[in-house]
Structures are given as C-alpha cells and as structure tokens.
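Engineer: Sequence and predicted structure, then a few things I'm wondering about:
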Amino acid sequence: MSVAGILSSLLEQGVRLRAEGERLVVNAPAGVMTEEMAASIRAHKADILAALREIADAESSLALPQAPLPAAAGSVSLSQERIWTVSQLHPETLHYALSEAWWLRGPRHVSALEQALRALCDRHGLMRARFVPGDEGAVRLDTAECGVLTLERIDLSDESPEHVEAVAQVRMEALARVPFDLAAETLVRAYLLELDAQRALLYIVTHSIIWDAPSFEILIEELGTLYQNSVAGTSVTLPEIPIRFEDYAWWQRERHQAPAMLAALRYWKDQLAGTSLAPLPLPVDRVPERSATPLGARFHFTFPAALAAAVSTFCKTSGVTPFMLLLSAYVLLLSRYADRETVVITAAVQERNDARLERMIGTFTNHIFLPFQVNEDLSFTALVGMVKERTLDALAYQHCAVEAVIEALDVDLGQSSLFQLNYIYRSAEQQPRAWGPLEVLPGPSRNSNAIHGDLSFWIDEANDTLTAGIDYRADLFEEESIARLVRRFLHLLEQGLARPQEPVTRISLDQSDAWPHGQDADRSGQVISVLDAITALIKRLSLKDDDVILFADAERITECPHWEQAARPVGARLIRAPDVALGDERDLYQEVCRERPRVLLTSVPMATALCVLDLESARLGETTLVTYPAQASMPVLHRLAQSFQSVLPVLERESTRTPVLAGSLAPAGDALVLEPVPGLVVRVRDRLDRDCPPGIDGALVVWSLAPGAIGEWENLNARGRWIEEQRIRLSDWLEPLKESDRLARIETALSELPGIRDYHVERRRAQTGKARWLIWVQQDLGAERTTTELRAVLHETLVELPSPIAIVDVGVMPRRVDGVLIAELLDDPFADHHAAGFELPSPGPERVLAEIWSEILGVQRIGAHDSFAELGGTSLQAIRVIQRMEARLGWRVEPRLLFFQSLRRVAARAPKKAPALEQAA
C-alpha cells in the first residue's frame, strides 16, 4: 500500500499522526490500533514523516493571501453559497435579516452622517455587493460598481412624546420585514428615525449573507471616525484592509480540501455518529402552519448583579469560562424541558483569527454542533466539567466549515436538531461613545426576524454585566412561556452555583411546586373502578328517566353490563348497537338523530365518520362521546372535541390493561386539554420519575392501589403537561404495544447499548394480578452504569418505556454450556414485595439500613422489600450510603449490590460476627 493509502486508511479510522522532528507521534482511539497497522507504520516511518512534512508545507502555503488575488474575484464563501441557495428557494424568507439600532443624543449633522456612510460603503466591498448567477448557475459576488448607500430619514417629531418611542419601535419592526433581492440591490439599508431635535435612532438593516454580529461593532466605530472627520472637515485615514472578502472566500474553499480539514471533518462525523439528531421535543404552545413563514421574537433580560458576580467567582475558582458555565445550565434546562438525556446545541464561533480580518465587515461566523449526554447523577461542578471537556475538544476543530459537516452527515436540517437550539456568547468591554457633542448609545431591544431553529440563547458580557436574550419562533411559543423558561434558567443556575457539589437531580426548576400534582393528598384511595367512574359520569351528566345511552363499540362489549347497572337507578335507557362497523356509519348516524342520545360509546374511527355526516345538522353537539383514544392523533381528537358536547377518553393502565375514565377533553385553540375526573389521582412524571413542573411534558400516571399491595404509579400511555391546576394539555397518546412487540423493542434497544454483554427480559405477573417488566443485564467490566443511568438511556430509545419496570444488574448471566438461560437462578428483587405487601424492616441490620436509606433518599417509609434503585437512589447517593454503613455498622458493601437487591437481601449479606452488627441487633 502506498503512503497516501496508509494515511487515508489511518485517517478514516480516526488515527492521528504528527511529526515532531524525527519522532512520529501516533494517537489512536482505544481498540483501533492493530498489530498489523503498527507494523505498517513502523515499516513506512520515514516515508510517512516525509509526507507529513509535505502536508505541513502545503498547509502553510495555504495561508491567507497577503494582497488581493485576481483569481479570487467574485468568490463566495461556503456559508454565502448556502444562504444564497436557500434564498433562491424561499425569496421572501426573513430568516437572514439582521438589524441594529443606536440612539443619537445631541446635535446631529445629517449631511456628515450621509457622507460617512458613503465612505464606509466604499471601504467595505460587501456593503455594495450583489449576488448574481455566474457560469453554470453558480453564484458569484459582484462588487464592481460603487454602490451609493442612502440614508432614509423618517420624521417622527409630530408624534406625542409619550408614544414616539413606541411608534419608532413599530416602524423599525416593519422596516426589518422588507425582504432583500440579493441579485438586484445592495444589502445594507440605513434609516434615521428623528424623534426630535436632540434624539434620533440610527437603524441599520442588512442580510446574513454579508454580515455577522462583529460587523455592527466595526460599522459603528468606523462610522464615528468618518462622521467626526466630515463634521470637522479633516481627513483621518482608517487602518488599511489589505485584502477583500473575496480573497478570504477563495482561501476558505482552497483550505477546505486540505488534509487537516479532512481530519476535522472526520472528527465531527465521529462525534455525531450514534447521536439521535431528531428534533428535541420541546413543549410548544401552538402547532405552526406548514405554509407559514416562521417569524422570530425576542425576550430580553439582564442577569441580577449578585448572580453575575457568582458566575464570575465560580469561573475563577473552577477554571472554566462563563461561556462553558452558562452553556451547562442551558443544556440542563433543555434536557429537563424535553425530558431527554441527549441535547445537541449549535454554538456560534468566529473565524476572525487573522489580523487582516479583524477590521473587515463580512460574515465570518461558523457553527459547531455540541452533543451532550446529561447525567443527572453528576454534581453541578462535574456537569460543568463535562461540558468544558466536550467544548474544548470541539473548539479544536472549529475551522471545519459547518456546510461540510452538514453535507457529510447527510441530514435534513428541517427535520433534525442541528440549528434547532442555538447558543451565542459574546464578550466585549463597552465604553460610552461620543462623536464630538453627539452621544451614541445602544438602541432599544427589538424582535428578531432572523430566527434560525426554535430557540437561540445569546449572552453579552460587558463591564461585569451579563445581558442576554432568547430569540424564539413566535409561531411556536408564547412570550409568557419564554419568560418562564428564563426564570427557570436563572433559578437553576442560582441553585447550581449555591450547591455545586450536589447532584443536579436535586436542582428544581421552580421555587415553588405548590401545584399541580393532582388530588393526591394522602394517596389513600384506589383508582376509580369502571363501574364507579360510569356511575359518577351519569351523575355528573344529570341523566334522568328516558335519557339514552347508545352503546356502539364491539371491542368494548364486556363493559356494557357496567353501563346497564349504572343507568338503571336513574331510569336511563341503554341501547345496544355493538355490531356496527365502518361502512355502517350512516345507519348509526340515523339512530343518533332518532334517539338523540346523551351519551355515545363508540370507537374513534366511527366517531370521526359521524362528524363528517354531521357537518350541517350539528346533532352531535348534544351528545357526550366516550371513547378509547389510544390510536387517535391529536388533530382527530381535536375535531371530535369540537363536534361533540364533550369527549371523555378512557385510558388503560399499563400493567393490568384495566380501563380508567380519565376525565373530559376540551379544545383550547389548536390544543386539547384534559380535566381529570374529581377524585382521580393524576400526575405528570418525567423520565427519571419526578413530578414535572407546569408547562413541561411528561407521562400521565395514576395512583394504583390494589387490595393487599403497596400502591404505585401506573402509566396511562399518554403524555401532557399541566397548564393550570387540574388542567392538563395533552401532547400525545402512546399507542399500546402488544406484549411481544414491546419485548422485541426492549431487547433491540439493549442489544444496541454499548457495554451490555448479556441480557434477559420478561414480564412477570404477581399474585395480586399486577405485572412488572424485569430486565437483567450483565455489563462489561469497567463500563458499568447504574440502573438509573440504564433506565435513562433506554428512555432515550423507547419513549414508551413500560412502567413499572425493574432493572437488575447481575455479575454473570446464568446460562448452561449450550447458552440456554437458567431462569430460576435469576434474582427477582420484587418477588416477595408483591406477595407480602409492605413489611417493616426487622431489628438489626435491616432497621439500620432503612434509617440510612431514609436519611440519604429523603423517604420516610422504607420497607424490607424496597429497592434502593426503585426508590430513586443514584450512584452518588449510593456512595454516601456505603460510607454511612461502614461508619455505623463496620461493614462495607459493594455499590453494585445496592442496585439490584431489596433492603432485606442487602442486609442478609452482612457478616454475622461483626461487633457493630451484633450491637445493632
């Protein structure tokens, strides 16, 4: 194999080589380097060193040009080409509009300002550029003509003083929404909104294809110099810009083919391989119209001074930057909001690394994709450390153009998490500007039309002050939802800085969780039975003599006797029509029109067909629909809720498959709201089995209490979020899976998890009739995860992860020589839990262990059959438990033991002759 082939092969496998004099330094990922590869490198060492030196010389020859190059004329950068392509497909898009405003206070010379703007336009080629088709349709930059930038004056002096600033704000918003024609006009517009003789707003509107955030700073600084020169009639030369933007664009494309860039591209492919790039499911307020052009809005805020000071102190003592610290809090916040462990952030980085680019107006922003795995067992300090490590690794490869990364990943940006969640951090010392007697100050905050993705979190650090904002899609989010997100971010950050060594799982999003957790005061009641629920419904509807209940659902015929029994005391009539099927909807509709039922029980498809027949007469508006919605989409249920008087969904408890009449559905805009029936204990839980605060989606669960067994929360196969007390906005119904399908999905997910050597999954039903999924896993040594971590990872793959579930970590999976599992040797940590119900710990080690668990976990009532993992124990808490056990009992237990045994089984492993144990007994 040639040296080039060897280098390409090594590069493809992630092996990095560099020359240090006569030494060849090899850096390979774990497990990649084989003896054959090492032998090949040794045999070709001299040739490889020579090739690496040639590559280094070639890269040094690709330095940024010192002067304009004729060959670079008309060149566009990779980002400009991407933006131009999108703009050709969507010429009316406002995504790429940028704007900035400055207050001008004091006497102003408008003619001098106009002259300064023209001089600035002559100085910076992109300010007079157009983008036109070149050979074979490729875009090229046209700056041959000297564009004339005019200053449009807008007189607002006739507006009332108390309203004039608001009027100016509205005018600026409107000006920013005027689209650009990239081929027909220059892409900078300048406005002067004159409020009175002493106050004006200088407003610049431009386009991302020629501009980035630092360009505004360059503009206002150089404009001030040119303005003062014009007023004074003097001539001061600005520092020379030796090259054009076209030279940078040409150089970028040439560098893009260099070996170092190919290595960087390989890094990004490796980093994002195996990461789910599906959009993060954020809780939105409305469903956007597909044809609508998303408009951005901005929520601006300033960090409290004390919090900004705490950020500075933490960074100095921990060796991190504010960029990393605030990014960590942002990642944790989004993980909570989406109920996901994996979060991909798109961060903006600047490519102005050469002095010749520092004074140039242009677009030098690149983007890097940062995938994070949020392990809430980590302390806040450890979380920040993880973010720091990942960010520093990524920044080493920030020069790889994001366009090349996107192309290599072959993803649809509209259906991925790339650019969905953005993060921008800028640091600059801002000094007051004075153009002679004219004072220049930052202008008012405005909405952001240039919205990319769903959320963009930007932070400006200046003069020990942190100002920030969230740019968001106004077609997805209400302003109040963003305001609440900001409050939670600040609260989360404040807690993390106050208790940096505690696990982040203890950091709450809200200062108060006074509501909403449903009616669960003491959780003493049972889930309402079908008969009781039907009886309560009939009472609630005030059914009386001769009111009709029409039963038309063959799949639920077994429930018909319950309805007859509940209807009999009030004299309501039950009419059975269970044999109707799709195709018979006209017959059923005629019966509905004839009988005028107060209640109709039928399937979602049949109810939908009835709605089509009922468009003109609106007879269904007098009827309450009772149906099983598990296989219905939200739009279908929304339509039913609009057509019927009310819709009552019947949900199934996961373990017993028994129905639960959950409440009533009502349309709320384009959403559906569930109002739980009085007395039903409902909660919304996240992937770590915590109560979700208002506005955050989670799984709907009910409190189940079977006779003789300990109660527990059961999944209702639905997701939603609290919007106010006793009202849940539904997000999705999860279609119930057959047991075999669910088993197959769990096994597939386990087979794809790294570090899992062997596993077994089964569903066991206890004497009480309740079923539980049990997963036994054998993990690779050195790669073990806690059961909490495994549960979170499985949740990432299986949104419909079944509940209740127990994960047992075993040292060795018991199998015969032929590989057949010996199931009776698998430990069932909850076998006696189901049979015996709650049992107090026995005196001695059990009682001491229960006290320690209670102290660490904050759980008051711990039984002999409780499991540390199922009580919410984390790996950090396990370490604290072990330390206290050793201090109080003189016995040190293996951490693994805590996560797959009940308290009684852990205590049974204690050495019998330990003095501390004998004293405890």
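Structural biologist: Received the coordinates, thanks. Numbers count the residues shown, from 1 in each chain.
Engineer: any idea which helix or strand carries residue 222?
Structural biologist: Using DSSP states H and E, residue 222 maps to helix 213-232.
Engineer: do the same with residue 279
Structural biologist: In the assignment (DSSP H and E), residue 279 maps to no helix and no strand.
Engineer: and it, how many residues sit next to it?
Structural biologist: For residue 279, the neighbour count with other C-beta atoms under 10 Å is 17. No exception for glycine: its C-beta is placed from N, CA and C like everyone else's.
Engineer: where's it relative to residue 454, distance?
Structural biologist: Distance, residue 279 to residue 454, by C-beta to C-beta, to the nearest Å: 8 Å.
Engineer: longest strand of the chain?
Structural biologist: strand 712-724 (DSSP state E).
Engineer: State the next helix or strand along the chain beyond it.
Structural biologist: Counting by DSSP H and E, the next helix or strand C-terminal to strand 712-724 is strand 727-733.
Engineer: what separates that following strand from the chain centre, distance-wise?
Structural biologist: In terms of C-alpha atoms, centre = their mean, to the nearest Å, the centre of strand 727-733 is set 19 Å apart from its chain centre.
Engineer: circling back: can you list the buried residues in the longest strand of the chain?
Structural biologist: 712, 713, 714, 715, 716, 717, 718, 719, 720, 721, 722, 723 (16 or more other C-beta atoms under 10 Å).
Engineer: from these, which single one is nearest residue 753?
Structural biologist: The nearest member of the buried residues of strand 712-724 to residue 753, counting by C-beta to C-beta, is residue 715 at 22.0 Å.
Engineer: what ranges do the strands span in the stretch 301-450 of the chain?
Structural biologist: Assigned by DSSP state E, counting those that start in this stretch, the strands in the stretch 301-450 of the chain fall at 342-350, 365-373, 421-427, 433-435, 438-442.
Engineer: Which of the ones you listed sits closest to residue 463?
Structural biologist: It is, among these and with distance given as C-beta to C-beta, strand 421-427, at 10.6 Å.
Engineer: lowest-confidence helix or strand of the chain?
Structural biologist: helix 831-836 (a mean of 45; mean pLDDT, DSSP states H and E).
Engineer: re the thing from before, tell me the angle of the longest strand of the chain relative to strand 727-733?
Structural biologist: Angle, strand 712-724 to strand 727-733, by axes from the mean of the first three to the mean of the last three C-alpha atoms, to 10 degrees: 120 degrees.
Engineer: Strand 712-724 pairs with which strands?
Structural biologist: Strand 712-724 sits in its sheet next to strand 698-704 (antiparallel), strand 727-733 (antiparallel), going by DSSP bridges.
Engineer: separation between residue 386 and residue 333?
Structural biologist: 16 Å.
Engineer: for residue 905, that is, sorry about that
Structural biologist: Here the criterion is C-beta to C-beta. By it, residue 905 lies 39 Å from residue 333.
Engineer: who has more neighbours, those two?
Structural biologist: When neighbours are counted by other C-beta under 10 Å, residue 905 and residue 333 differ, and residue 333 comes out ahead with 22 against 16.
Engineer: Surely the more buried one touches residue 485?
Structural biologist: Yes: in this structure, residue 333 is within contact of residue 485 by C-beta atoms under 8 Å, at 7.2 Å.
Engineer: In the stretch 651-800 of the chain, what residue spans correspond to strands?
Structural biologist: Per DSSP E, counting those that start in this stretch, the stretch 651-800 of the chain has strands spanning 659-661, 663-668, 671-676, 682-685, 698-704, 712-724, 727-733, 756-765, 771-779. These are given in chain order.
Engineer: so what pLDDT did residue 738 get?
Structural biologist: You'll see residue 738 listed with a pLDDT of 59.
Engineer: Same question for residue 246.
Structural biologist: Looking at residue 246, its pLDDT stands at 94.
Engineer: Go through stretch 457-472 and flag the buried ones.
Structural biologist: Buried residues in stretch 457-472, counted by 16+ other C-beta under 10 Å: 457, 458, 459, 460, 461, 466, 467, 468, 469, 470, 471, 472.
Engineer: Over to stretch 192-207?
Structural biologist: 192-195, 199-207.
Engineer: Next: stretch 470-485.
Structural biologist: Buried, per 16+ other C-beta under 10 Å, within stretch 470-485: 470, 471, 472, 473, 474, 475, 476, 477, 481, 482, 484, 485.
Engineer: how would you label residue 51: helix, strand or coil?
Structural biologist: When classified by DSSP: H, G, I helix; E, B strand; the rest coil, residue 51 comes out as helix.
Engineer: Please determine how far it is located from residue 259.
Structural biologist: 9 Å.
Engineer: so what sits against both of residue 279 and residue 454?
Structural biologist: Residues touching both residue 279 and residue 454 by C-beta atoms under 8 Å, 6 or more residues apart in numbering: residue 420.
Engineer: how many neighbours does residue 820 have?
Structural biologist: When neighbours are defined as other C-beta under 10 Å, residue 820 has 9 of them.
Engineer: what separates the residue lying farthest from the centre of the chain from residue 117, distance-wise?
Structural biologist: Centroid-distance maximum for the chain: residue 233 at 55.5 Å, with C-alpha atoms, centre = their mean. Using C-beta to C-beta, one gets 17 Å for the distance from residue 233 to residue 117.
Engineer: try residue 674
Structural biologist: Here residue 674 is placed at a distance of 58 Å from residue 117 (C-beta to C-beta).
Engineer: can you give me the helices for the stretch 101-250 of the chain?
Structural biologist: Applying DSSP state H, counting those that start in this stretch to the stretch 101-250 of the chain gives helices spanning 110-123, 164-176, 213-232, 245-256.
Engineer: what's the closest of these to residue 537?
Structural biologist: Of all the helices of the stretch 101-250 of the chain, helix 164-176 sits nearest to residue 537, with 50.3 Å by C-beta to C-beta.
Engineer: Please list all residues in contact with residue 358.
Structural biologist: If you count contacts by C-beta under 8 Å, 6+ apart, residue 358 has them with residue 352.
Engineer: correction: residue 154
Structural biologist: By C-beta under 8 Å, 6+ apart, the contact set of residue 154 is 171, 191, 192, 193, 194.
Engineer: Now do the same for it: its pLDDT.
Structural biologist: Residue 154 is assigned 96 on the pLDDT scale.
Engineer: In a strand, residue 274, correct?
Structural biologist: No: according to three-state DSSP, residue 274 belongs to no strand; its state is coil.
Engineer: Any figure for the gap between it and residue 262?
Structural biologist: Distance, residue 274 to residue 262, by C-beta to C-beta: 21 Å.
Engineer: Neighbour count: these two, which is higher?
Structural biologist: Here residue 274 and residue 262 are compared on neighbour count by other C-beta under 10 Å; more neighbours surround residue 262, at 16 against 10.
Engineer: That one: which element?
Structural biologist: Under the criterion of DSSP H and E, residue 262 resides in helix 259-272.
Engineer: For that helix, buried residues please.
Structural biologist: For helix 259-272, by 16+ other C-beta under 10 Å, it's 259, 260, 261, 262, 264, 265, 266, 267, 268, 271, 272.
Engineer: Perfect, that will be all.
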